[in-house]
Structures are given as C-alpha cells and as structure tokens.
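A.B. asks: any chance you can model this:
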Amino acid sequence: MANENVEIQLVVFRLGDEEYGVPITQVQEIIHFSKPTRVPKSPPFIEGVINLRGRVIPVIDLKKRFEVEAAQYTEEARIVVVEIHGHTVGLIVSEVSEVLRLPQACIEPPPAVIAGITANYLQGVGKLEDRLLILLDLNKILTAEEENQLVQSGEAV
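C.D. replies: The predicted structure follows:
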C-alpha cells in the first residue's frame with residue numbers, strides 16, 4: 001500500500017465527551033477563550049466576532065453548529081483559529097488536548113452519522129489504540145449560504 005507510511009498531523013480537541021481532529025495545516029493558532037461580541041441577525045451558531053491583533057474574525061461555536069449539548073465555557077475552552085475557504089474563522093472548542101501524528105492507514109471512512117454529526121462534515125474516523133478521533137472536514141462544516149452569513153457577520157462590525 002503506497003500511503004502506508006504517510007502520516008497526517010492533527011490538532012486534537014474535545015467538544016463535550018468526544019474527541020475531534022483537524023489537519024494542523026488548517027490551524028493558524030489556538031487562543032484562550034474570550035467572549036465574542038454578538039452580531040445582530042447572525043445565525044445561532046455564530047457566537048459573534050473577536051478582535052485578533054487588529055483583525056475582526058467571526059467565531060463559530062462548534063457545539064451549536066453540530067447541535068450537540070448546550071455550550072458551557074470553562075477555563076479549558078479555546079478558540080481554534082482556522083482557515084475555511086480562504087476566510088479566517090475562530091472555532092470554540094471545549095479544550096485542545098494535543099497535536100499528534102496519525103498514520104493514514106489508521107483512518108477509516110466515516111459512518112453515516114457519528115456523535116450526532118452527519119458524515120457530510122467528516123473526513124473520517126481515526127483509530128488510536130483505545131481512542132476514536134472524529135476527523136472534521138473544515139471546508140464542509142458550512143454551506144455556501146452559511147459561509148456568506150459568516151463573512152457578512154465579520155464585515156458587519
């Protein structure tokens with residue numbers, strides 16, 4: 001198998017009890033959680049915007065986006081700053097746990113639904129000893145219309 005030795009590097013974070021991973025190549029930085037400023041008429045999963053060194057970026061609450069449990073922000077909460085279709089976006093997560101390398105051979109195609117999230121948002125499921133990592137496809141977590149709303153919410157301030 002040609003990609004047997006190929007590894008992907010992931011930023012691993014938690015949303016509630018589940019572990020998720022996103023390619024490190026899409027992550028710009030990880031910052032402590034600070035409450036975003038609400039933007040009127042934005043979709044419910046857009047928490048608002050933050051000022052990141054002079055740049056206003058929209059922030060998505062992934063728990064709300066995936067319609068998992070209600071958002072409770074603790075000391076461990078972080079905003080993972082990522083790029084989605086050329087736009088810088090913050091993703092609120094429960095905590096960031098690690099950066100790890102996952103062999104391509106340990107990734108399986110996603111089931112139709114896992115942890116209440118449809119396969120549309122998923123790249124696959126990574127298997128590590130006694131853990132399963134839900135691998136998100138960041139380019140698919142928003143529809144084109146939602147992406148427009150996201151961009152507009154960032155420009156509305």
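
A.B. asks: helices of this structure, start to end?
C.D. replies: Listed in chain order, the helices of the chain (DSSP state H) span 62-65, 144-155.

A.B. asks: export those as TSV, with columns for mean neighbour count, distance to Leu128 and mean pLDDT.
C.D. replies: (Glycine included, C-beta is placed from N, CA and C.) Converted to TSV, the helices of the chain look like this (neighbours: other CB atoms under 10 Å; distance: least, CB to CB, whole Å; pLDDT from 0 to 100):
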stretch	mean neighbour count	distance to Leu128	mean pLDDT
helix 62-65	20	21	84
helix 144-155	16	31	72
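
A.B. asks: nearest to Leu102, out of the ones you listed?
C.D. replies: helix 62-65 (19.9 Å; CB to CB).

A.B. asks: what are the C-alpha coordinates of the closest one, in CSV please?
C.D. replies: What follows is helix 62-65 as a C-alpha-only set of coordinates in CSV (Å, rounded to 0.1, in the frame of the first residue of the first chain):
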residue,chain,number,x,y,z
LEU,A,62,-19.0,24.1,17.2
LYS,A,63,-21.3,22.6,19.8
LYS,A,64,-24.1,24.8,18.5
ARG,A,65,-23.1,24.1,14.9
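
A.B. asks: ok, and what's touching that helix?
C.D. replies: Helix 62-65 has contacts (CB atoms under 8 Å, 6 or more residues apart in numbering) with 15-16, 20, 44-45, 47, 69-71, 91-94, 141.
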